[in-house]
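Engineer: Could you work out the structure for the sequence below:
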Amino acid sequence: MPSNIMIVEQPDRALEPQFVQRGEQAVSRFFLGEEGERARRFQDWIGNHSANTVRTYRTQWSNYFAWCEFAGVDPVPASPYQVRAWIDFRKGQTNPVTGKPIAPNTISQGLAALKALHEIEGLQYTNDYPEIKNALGAIRRKSDHVQRQARGLQLEHAYAIRAVAEDARRRARRKRATAADHRRADRALVDVAIVFLARDCLLRRSETAALRWSDFEEQSDGSGRILIRKSKTDQEGKGQVRFVSRATVEALKRIRPKGADPEASIFGLSSSTIGARVKRACERGGLGEAFSGHSCRRGMAQDLAAKSFNTAEIADAGGWASEGMVVLYTRHEEAGRGAVARFHEGLGPSER
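Structural biologist: Next up is the predicted model:
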């Protein structure tokens, strides 16, 4: 990589809407402007990554390509000084939804997207250059941003959602029950099945949406098994079988249509709709608004950590490629059994 320092005039932030649109067009021209090896490599890359990753990286590439056009530099190969200049631009941008400065994690995400861009092109690239690491480190030190995760949907929360469903069923069984009562009861039963299954199997929203009835198998002891055909960390589709509790098996049997097509979707919902259903079910259960489609997965990880399962076991159960996210999800549970917590447990009543 070249070693000269790069100084560029940054784009006017008032023009960011046009700036982003220009970047999207530049990305399309770069990858799909003409048939050939580059377009084939891009399509291969798309096939090996989740739709969410593709969408996220394309957003980052759009910003980067537009900046490159303004700076008058080629997107690849990128020198560390070129990347640092882009980081300097990014740190001055604001989140279009919140109006707050771009979070350090979003900039880190952009660096990961740059690495992927170079990999698609067959070029060597690393974010380990001091120029890049120092720029990102400076942003993190100045930022008061703490990554906020959706609240974990733990077992007690799942029970609250099931209680709402049972109440809806009782209302639907009344003599004066209306068609709306029956619809609410049916919807609540589906919500319970989504929540309990997503928790048992630590499912991502996309994995929950992709499940078919042929993936589910009840066992002789009343428990069940679910085949996860493909996931974010299993793009080759090797599959993984996960345990389903008796309570969840019963929840699934309640919503399974008679004579259901084995290849039919279990829930018949999109990934985003499943997320919205989980959030709304939590609100109806009086649990608040801090939940999302990721809450079931996180909540089960927290419940497992509270029962002293280690991060490696939890990562394996949830199909995480590394233990990093498990550590983040379960940090409160880990603190509760850490050295200071154990110290205070050993004190007498008068010492606490």
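
Engineer: contacting residues for F196?
Structural biologist: 158, 162, 245, 247-248, 251 (CB atoms under 8 Å, 6 or more residues apart in numbering). The way it works is simple: take the backbone N, C-alpha and C, and place the C-beta from them, glycine included.

Engineer: so where's this structure uncertain?
Structural biologist: With pLDDT under 70 as the threshold, the chain has low-confidence stretches at 1-19, 34-35, 96-98, 143-149, 232-237, 348, 350-352.

Engineer: Which parts of it are strands?
Structural biologist: Counting by DSSP state E, the chain has strands at residues 216-218, 224-228, 240-244.

Engineer: Which positions within the last one qualify as buried?
Structural biologist: In this case it means strand 240-244. Within strand 240-244, the residues scored as buried using 16 or more other CB atoms under 10 Å are 240, 242, 244.

Engineer: Does anything pack onto it? Which helices or strands?
Structural biologist: Using 3 or more CB pairs under 8 Å, 6 or more residues apart in numbering; DSSP states H and E as the contact criterion, the elements in contact with strand 240-244 are helix 179-200, strand 224-228.

Engineer: any idea which of the buried residues of strand 240-244 is the one closest to K115?
Structural biologist: Q240 (26.7 Å; CB to CB).

Engineer: Leaving out chain neighbours, which residue sits closest to the closest one?
Structural biologist: Distance criterion CB to CB, 6 or more residues apart in numbering; nearest residue to Q240, sequence neighbours excluded, is I228 at 4.7 Å.

Engineer: residues near that neighbour, how many?
Structural biologist: 22 (other CB atoms under 10 Å).

Engineer: Columns distance to R171 on top of the buried residues of strand 240-244, output as a markdown table?
Structural biologist: Output for the buried residues of strand 240-244, formatted as a markdown table (distance: CB to CB, whole Å):
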| residue | distance to R171 |
| --- | --- |
| Q240 | 39 |
| R242 | 34 |
| V244 | 28 |
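
Engineer: wait, what's in contact with the residue nearest the centre of the chain?
Structural biologist: The chain has H294 as the residue nearest its centroid, 6.4 Å off, counting by CA atoms, centre = their mean. Contacts for H294 (CB under 8 Å, 6+ apart) come out as 149-150, 204-205, 275.

Engineer: per-domain residue ranges of the protein.
Structural biologist: Following automatic domain parsing, the chain resolves into domains at 13-142, 155-293.

Engineer: A112: neighbour count?
Structural biologist: Neighbours of A112 (other CB under 10 Å): 14.

Engineer: list the contacts for it?
Structural biologist: 57, 127.

Engineer: Return the distance of it relative to I102.
Structural biologist: According to CB to CB, to the nearest Å, A112 and I102 sit 15 Å apart.

Engineer: nearest residue to Q124 other than its sequence neighbours?
Structural biologist: H118 is the one closest to Q124 (CB to CB, 6+ apart), at 7.1 Å.

Engineer: ugh, wrong one, P130
Structural biologist: P130's closest residue in space is P80 (CB to CB, 6+ apart), at 7.8 Å.

Engineer: returning to that earlier point: mind checking which of the helices and strands packed on strand 240-244 is nearest L347?
Structural biologist: Ranking those by proximity to L347 (CB to CB) places helix 179-200 first, at 35.1 Å.

Engineer: Please state the offset of that closest one from the chain centre?
Structural biologist: 23 Å (CA atoms, centre = their mean, to the nearest Å).

Engineer: so it versus strand 240-244, what angle?
Structural biologist: Here helix 179-200 runs at an angle of 120 degrees relative to strand 240-244 (axes from the mean of the first three to the mean of the last three CA atoms, to 10 degrees).

Engineer: circling back to that earlier point, out of the domains of the chain, the one nearest H332 is which?
Structural biologist: Checking the domains of the chain against H332 by CB to CB gives domain 155-293 as the closest, at 13.8 Å.

Engineer: From the chain's centre, how far out is the closest one? Work that out for me.
Structural biologist: That offset, for domain 155-293, works out to 18 Å (CA atoms, centre = their mean).

Engineer: start the count at 49, not 1, going forward
Structural biologist: In the new numbering, first residue 49, that becomes domain 203-341.

Engineer: Identify the residues contacting the residue nearest to P178.
Structural biologist: Going by CB under 8 Å, 6+ apart, P128 touches 49, 177-180.

Engineer: coming back round to it: I'd like the strands of the chain as TSV, with distance to R189 appended.
Structural biologist: Shown next, in TSV, are these (distance: least, CB to CB, whole Å):
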stretch	distance to R189
strand 264-266	49
strand 272-276	40
strand 288-292	40
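
Engineer: Minimum distance to I314: which of these has it?
Structural biologist: Of all these, it is strand 264-266 that lies closest to I314, at 6.8 Å by CB to CB.

Engineer: Many thanks, have a good one.
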